[in-house]
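1. Build the 3D model from these lines:
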Amino acid sequence: MKPRLYLDHNASSPARPEVITAMVAALNTPGNASTPHGAGRAASKLVSDGREAVGLAMGVCAQDIVFMGSGTEAINTAIKSVVDNGTKRMLVSGMDHPAAIVAAEASGAKVDIIPTLSTGQMDLDWLAQTLADWDADDGAPFLTMSAANSETGVLQDVEKAADLVHAVKGYILVDAVQSLGKMPMLFIVDYLAVSAHKIGGPQGVGALYVSPDAPYSSLIIGGGQEKRRRAGTINVAGIAGFGAAAKIAENLSHTRAIRDAIEKGLKALEPHITIFGEGAERLPNTSLFAVPDVSSSTLMMGLDLEGISVSTGLACSSGKVGASRAVTAMGLADKAPHGAIRLSLGYTSQPEDAARFLNAWTKIRKIAIRGAA
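-> Okay, here's the model as predicted:
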């Protein structure tokens, strides 16, 4: 029996062996990182080392990082911070993760969803005009955006967006959860959110970079951990694992050829296929596509039976399968009447994975056609 072919790294990348080793060692370090005795200092050093590694991978000063329980918590914390600072209106990219969109809508501030072009890129002309017309009574402008969409992999122009926001003395949060380890992190922003499990680290650990000039409000209060920025016993093993993953995170450039081979094969097999964001710059490991005659859930289950793991888009909603948020934002819902399939490659991906996927796809498509006859 062949080992399972895992093509869902954007949901969660399998823990790297180095990460497991680092976490086991940390779990064998009994101290609480907030205590001053020898065991506590040993645990504190593991946290410090992890912070340095994650900061280097993010391209920021390690001391400006606050460790969190997830990327979602990091995003929520940044949004709370600007609202507490007086922001009454925020701009949210239509290609953002629900963690940002839902948190913004629940914040009490007015939320404007930034239009998305059919390429999957944010409408920067709309953003520029909106910022030019900003009402001072709405407080400092605030923009939240994803550097790369988790479904399509389409990259956004973070540098230009940040320039527009900073020109009017606003703040910008960049969700870099999907970007870390897959592209250069050269962002000069106010808040930067990342998560460990997307790069082969442990689940349940995230981090938020906060610029020294940006407002900050604690989402979780109690003790004085993380310089009083996030209360709660520090997750030493999780942070050690995050640091280990950050040290060996790669740009995944090798996955581009595999992804492109799969897409080339699919277009040969499926004359009516739509590959979303194909004309834009994307993460090298990601593809979101749809065929008009079969539901994405049927195709996903068929692939699963063939030992191949893919998803129908976001994997953060208790297994729910529905309309793709990204496809809807792009105005292309008619191209995916029965949903879309996302495959996302990672450090475990090999060139031969393309042929295995295409062979399985051909098999389940024949079954689907016979079933529809």
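2. From here on, just use CA atoms for contacts and neighbour counts.
-> OK.
3. what does the helix or strand bottoming out on mean pLDDT in the chain contact?
-> Among the secondary structure pieces of the chain, namely its helices and strands, helix 353-372 has the lowest mean (mean pLDDT, DSSP states H and E), a mean of 85. Outside helix 353-372, the residues within contact range by Cα atoms under 8 Å, 6 or more residues apart in numbering are 5, 258-259, 261-262, 265-266, 269, 294, 299, 302-303, 306, 308.
4. Buried ones from these, can you make that a PyMOL selection?
-> What follows is the PyMOL syntax selecting those of these that are buried according to 16 or more other Cα atoms under 10 Å:
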select buried, resi 5+258+259+261+262+265+266+294+299+302+303+306+308
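5. and the contacts of helix 353-372, which two are the farthest apart?
-> 258 and 294 (24.3 Å; Cα to Cα).
6. just for the chain, where's the confidence low?
-> 313-323, 368-373 (pLDDT under 70).
7. Now do the domain split for it, please.
-> Under automatic domain parsing, the residue ranges defining each domain of the chain are 5-14+251-372, 17-248.
8. For the longest one, measure first residue to last.
-> Just to be clear, that refers to domain 17-248. Using Cα to Cα, to the nearest Å, the span of domain 17-248 from its first residue to its last is 11 Å.
9. if I read this right, residue 62 contacts residue 49, doesn't it?
-> No. Here residue 62 does not reach residue 49: they are 9.7 Å apart, not a contact under Cα atoms under 8 Å.
10. which of these two has more neighbours?
-> Between residue 62 and residue 49, counted using other Cα atoms under 10 Å, residue 62 has the larger neighbour count: 19 against 16.
11. all helices for the stretch 51-200 of the chain, in order.
-> Counting by DSSP state H, counting those that start in this stretch, the stretch 51-200 of the chain has these helices, from start to end: 71-84, 98-106, 124-132, 158-167.
12. So what touches the first one?
-> Under the contact criterion Cα under 8 Å, 6+ apart, helix 71-84 has outside partners 68, 99-100, 103-104, 107, 109, 142, 171, 173, 175, 177, 191, 193-195, 205-208, 215-219.
13. So what sits opposite the residue nearest to residue 101 when sequence neighbours are not counted in the bridge?
-> Nearest residue to residue 101, sequence neighbours excluded (Cα to Cα, 6 or more residues apart in numbering): residue 92, at 6.7 Å. Beta-bridge pairing for residue 92 (DSSP bridges): residue 113, residue 144.
14. most neighbours per residue, which of the domains of the chain?
-> Each of the domains of the chain was given a mean neighbour count from mean count of other Cα atoms under 10 Å, and the largest, a mean of 20, is that of domain 17-248.
15. can I assume residue 212 is in contact with residue 63?
-> No. Taking contacts as Cα under 8 Å, residue 212 lies outside contact range of residue 63: 10.0 Å.
16. Find the nearest non-adjacent residue to residue 172, please.
-> Closest residue in space to residue 172, ignoring its immediate chain neighbours: residue 143 at 4.8 Å, by Cα to Cα, 6+ apart.
17. so how far is residue 134 from that neighbour?
-> 12 Å.
18. related to what we said a few turns ago, output the helices of the stretch 51-200 of the chain as JSON lines; include the columns distance to residue 340.
-> Shown next, in JSON lines, are the helices of the stretch 51-200 of the chain (distance: least, Cα to Cα, whole Å):
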{"stretch": "helix 71-84", "distance to residue 340": "24"}
{"stretch": "helix 98-106", "distance to residue 340": "18"}
{"stretch": "helix 124-132", "distance to residue 340": "26"}
{"stretch": "helix 158-167", "distance to residue 340": "26"}
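19. contacting residues around residue 250?
-> The contact partners of residue 250, by Cα under 8 Å, 6+ apart, come to 181-182.
20. That one - that's part of a strand, no?
-> No. Under the criterion used here (DSSP: H, G, I helix; E, B strand; the rest coil), residue 250 is coil, not part of a strand.
21. so which of the helices of the stretch 51-200 of the chain gets nearest residue 152?
-> With respect to residue 152, and counting by Cα to Cα, the nearest of those is helix 98-106 at 14.8 Å.
22. elements contacting the helix or strand residue 257 falls within?
-> Under DSSP states H and E, the secondary-structure element containing residue 257 is helix 254-269. The elements that helix 254-269 packs onto, with contact taken as 3 or more Cα pairs under 8 Å, 6 or more residues apart in numbering; DSSP states H and E, are strand 286-290, helix 353-372.
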